[in-house]
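Trainee: this one's sequence-less:
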């Protein structure tokens, strides 16, 4: 009987694994086919679509960021442009104020009642210019200078340029070149200003405007960041024209600069 039970147990042992294994196999998950041929493109297609959408979002954010940076830069440029214009206006006024003081000191005439350079105008009236058109010359000079008094700098430059072209040898031509230098300096056109002031020194060495032109050339060099050249020109004003009002201004400038 014992042998019979062993045989039954052995047979049961063989049947039991098969019985247990059947439910396990039945519970295995079904693996879906995710290839391109199934479900409209499948897993790989959907993944690529999501990646493409994510990349587009990154590009969009970058574009937005760059546009904001551009807006900020434009605002900074406008602010700098406004500051530059304010500085130009201040420079114009400073130069014109200095010239007003120079002319008042040199002629002893109150600028409020002096529409033009009275000293040079009287010289033209006393002694005919080589062109022989004293009245026309004086009138043209006065018209150009009127633009300066009205602070119409563009019109003044054009008028004085026309004047020196039409009256190259008059007694007021040196003054006209001097004013061209002043006006170009006020407009920060330093090259043109230097050329005009230098014409006074080279072509009209006997003019009363020589000390002033020399002084202004010294200021131009200072504005260019050339202190040695500036000091040399201002010292020339003091040495060659010690009694001029420009010499006093040169002395003040050198003192303030520590020279």
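Mentor: Okay, I see it. Small disclaimer: the values here were computed from a predicted structure and weren't measured.
Trainee: Just to check, residue 247 is in contact with residue 253?
Mentor: No: the criterion here is Cβ atoms under 8 Å, and residue 247 misses it with residue 253 at 10.7 Å. In short, each C-beta sits where N, CA and C put it, glycine included.
Trainee: Of these two, which one has the most company?
Mentor: residue 247 (21 against 18; other Cβ atoms under 10 Å).
Trainee: any idea which helix or strand carries that one?
Mentor: According to DSSP states H and E, residue 247 maps onto helix 245-256.
Trainee: Mind giving me the packing neighbours of that helix?
Mentor: helix 42-107, helix 210-223, helix 227-240 (3 or more Cβ pairs under 8 Å, 6 or more residues apart in numbering; DSSP states H and E).
Trainee: buried residues in that helix?
Mentor: By neighbour count on 16 or more other Cβ atoms under 10 Å, the buried set for helix 245-256 is 245-251, 253-254.
Trainee: okay, these in JSON lines with pLDDT and distance to residue 168 next?
Mentor: Conversion of those to JSON lines gives the following (pLDDT from 0 to 100; distance: Cβ to Cβ, whole Å):
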{"residue": "245", "pLDDT": "92", "distance to residue 168": "27"}
{"residue": "246", "pLDDT": "93", "distance to residue 168": "25"}
{"residue": "247", "pLDDT": "92", "distance to residue 168": "29"}
{"residue": "248", "pLDDT": "92", "distance to residue 168": "32"}
{"residue": "249", "pLDDT": "92", "distance to residue 168": "29"}
{"residue": "250", "pLDDT": "92", "distance to residue 168": "29"}
{"residue": "251", "pLDDT": "90", "distance to residue 168": "34"}
{"residue": "253", "pLDDT": "88", "distance to residue 168": "32"}
{"residue": "254", "pLDDT": "88", "distance to residue 168": "35"}
